[in-house]
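Colleague: What follows is a predicted protein model with its sequence.
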Amino acid sequence: MSSTLESIATGSAVGSLLPLLTAIVQRPAWSAATKKVVATLVALVGGVITVVSVDGLDLFEHGLPTLGTLAAVLAASQTTYDLLWKPSKIAPAIESVTSPTGQGEAG
């Protein structure tokens, strides 16, 4: 059981930093719906990587701990984005800096 708690705790930590990585691929011009889909997909990938790195592929045999870790990553990423990274303007600044500067240009 301790490996499940470790996986969920690690997932929460990963999720809290994930919005900064997500901001690298997000673009300010994208619609809110597109940004949510990208953030959710990145969180799910981050959750799978967390499960594998903490418990290896064996945890995938147990659906509930895996689902708990995926949910922890998703919840932490969405919560910290809304409460910390967006209001502090850090994530939007990363989006702007890593976005192309114009039509067809890389910045």
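Modeller: Sure thing, it's come through. Residues are numbered from 1 along each chain as shown.
Colleague: Give me the distance from stretch 31-38 to the chain's centre.
Modeller: The chain centroid and the centroid of stretch 31-38 are separated by 13 Å under Cα atoms, centre = their mean, to the nearest Å.
Colleague: before we move on, what about stretch 28-43?
Modeller: 11 Å.
Colleague: Which positions within it qualify as buried?
Modeller: K35, A39, V42, A43 (16 or more other Cβ atoms under 10 Å). Using the backbone N, CA and C atoms, a C-beta is placed for each residue, glycine as well.
Colleague: Return the subset of the residues you listed lying in strands.
Modeller: Residues of those located in strands (DSSP state E): none.
Colleague: Export stretch 90-97 to CSV, keeping only CA atoms.
Modeller: Output in CSV follows, covering the C-alpha atoms of stretch 90-97 (Å, rounded to 0.1, in the frame of the first residue of the first chain):
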residue,chain,number,x,y,z
ILE,A,90,4.4,32.7,-15.0
ALA,A,91,2.7,30.2,-17.3
PRO,A,92,1.3,32.8,-19.7
ALA,A,93,4.7,34.4,-19.9
ILE,A,94,6.2,31.0,-20.8
GLU,A,95,3.5,30.6,-23.5
SER,A,96,4.3,33.9,-25.0
VAL,A,97,8.1,33.4,-25.0
